[in-house]
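Asker: coordinates for the following, if possible.
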Amino acid sequence: QVQLVESGGGLVQAGGSLRLSCATSGRTFSRYAMGWFRQAPGKEREFVAAMSTTGGTYYVDFVKGRFTTSRDNAKNMVYLQMNSLKPGDTAVYYCAARSGSSGLGKYDYWGLGTQVTVSS
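Answerer: Have a look, this model is predicted:
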């Protein structure tokens, strides 16, 4: 069982930056691929970024060049650095973990999410 707790969301103006953090429980964090998803009001949850157990990263096209995900296995933490934020990035952001090395595929564990609001 893996527990995930996101933090770092908030209100920011367009063009600004935020860094989301995800704290995880468990001693086998390094064995899980980690992902970030988001859900805007009235929309389905969508994939944003992921990092494999070996450090490979994946990004959806609309965040490439603006968002960066990273992980610190020693601290059981994963991060999402978001730059050049746009109003369209407004959503609840979720951290997720999946068993296995690849960052792509079905995710098994989810956090409760953190709200990110970007004002124009």
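Asker: show me what contacts the residue of the chain most remote from its centre?
Answerer: Centroid-distance maximum for the chain: Ser120 at 22.6 Å, with C-alpha atoms, centre = their mean. Contact analysis of Ser120 by C-beta atoms under 8 Å, 6 or more residues apart in numbering lists 14, 87. Glycine gets a C-beta too; all of them are placed from N, C-alpha and C.
Asker: what of Asp108?
Answerer: 2, 96-99.
Asker: biggest separation within these, which pair?
Answerer: Maximum pairwise distance in those, criterion C-beta to C-beta, is 11.5 Å, between Ala96 and Ser99.
Asker: how far away is the residue lying closest to Arg71 once chain neighbours are set aside from Gly103?
Answerer: Closest residue in space to Arg71, ignoring its immediate chain neighbours: Val78 at 4.5 Å, by C-beta to C-beta, 6 or more residues apart in numbering. Counting by C-beta to C-beta, to the nearest Å, the separation of Val78 from Gly103 is 11 Å.
Asker: what's the neighbour count on the residue lying closest to Ser101 once chain neighbours are set aside?
Answerer: Excluding its sequence neighbours, the residue lying closest to Ser101 (C-beta to C-beta, 6+ apart) is Thr53, at 4.4 Å. If you count neighbours by other C-beta atoms under 10 Å, Thr53 ends up with 19.
Asker: now the one 5 residues further on
Answerer: If you count neighbours by other C-beta under 10 Å, Tyr58 ends up with 17.
Asker: where does it sit: helix, strand or coil?
Answerer: strand (DSSP: H, G, I helix; E, B strand; the rest coil).
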